[in-house]
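In: sequence and computational prediction follow.
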Amino acid sequence: MFENTKAVNGFAVDDIDKAKQFYGETLGLKYTVLSEEFGLISLNLAGGRDTLVYRKPDFVPATYTILNFEVDDIDAAVDGLAERGVGFERYEEMEQDEKGVARGPGPNIAWFRDPAGNILSVLQQP
């Protein structure tokens, strides 16, 4: 039924202005304001996979990773984010190095949060 239908993913935040600053300035992503009145933006992600970000009054942060950014050099990405004031999550059940990177098996990955508390990651494939 939907095999040829374009799908758009999205997630909620509590403050769309903080989201615009974080995603636009801190992460360096382009975005399109869809509605100031209703608090809607679209992150213009590489590969044509735009993601809707919307303000939700009774917002509760996601407890899982909502967006993964695949990078060629995880150390450079983590260092660059840290220079911009981004802190990295630590999980007791994961072995992570001093930067917060869990290294293999599988992709090397480091998790961080947006201002709303949603979990994001940078990851590097092996």
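Out: Everything's here; your move. Numbers count the residues shown, from 1 in each chain.

In: which residues does Leu40 contact?
Out: If you count contacts by C-beta atoms under 8 Å, 6 or more residues apart in numbering, Leu40 has them with 16, 33-34, 52-55. Yep, even glycine has a C-beta here, placed from its N, CA and C like the rest.

In: wait, which of those is closest to Val86?
Out: Val53 (17.4 Å; C-beta to C-beta).

In: picking up where we left off before, ok, of the contacts of Leu40, which come out buried?
Out: Buried subset of the contacts of Leu40 (neighbour count, 16 or more other C-beta atoms under 10 Å): 16, 53-55.

In: show me the beta-bridge partners of Thr65.
Out: Beta bridges link Thr65 to Ile119 when assigned by DSSP bridges.

In: again with the one 4 residues further on
Out: With beta bridges defined as DSSP bridges, Phe69 has these partners: Val122.

In: burial check on it, number of neighbours?
Out: Neighbouring residues of Phe69 were enumerated by other C-beta atoms under 10 Å; the total is 15.

In: likewise for Gly28?
Out: Neighbour count of Gly28, defined by other C-beta under 10 Å: 9.

In: could you pull out the helices for the chain?
Out: In the chain, the helices defined using DSSP state H lie at 16-20, 74-83.

In: give me the buried positions along the first one.
Out: What that stands for is helix 16-20. Counting neighbours by 16+ other C-beta under 10 Å, helix 16-20 gives 16, 19-20 as buried.

In: just the C-alpha atoms of it, please, in CSV.
Out: Taking C-alpha atoms only, helix 16-20 is exported to CSV below (Å, rounded to 0.1, in the frame of the first residue of the first chain):
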residue,chain,number,x,y,z
ILE,A,16,11.6,25.0,19.1
ASP,A,17,13.9,28.1,19.4
LYS,A,18,16.4,26.1,21.4
ALA,A,19,16.1,23.3,18.8
LYS,A,20,16.8,25.7,16.0
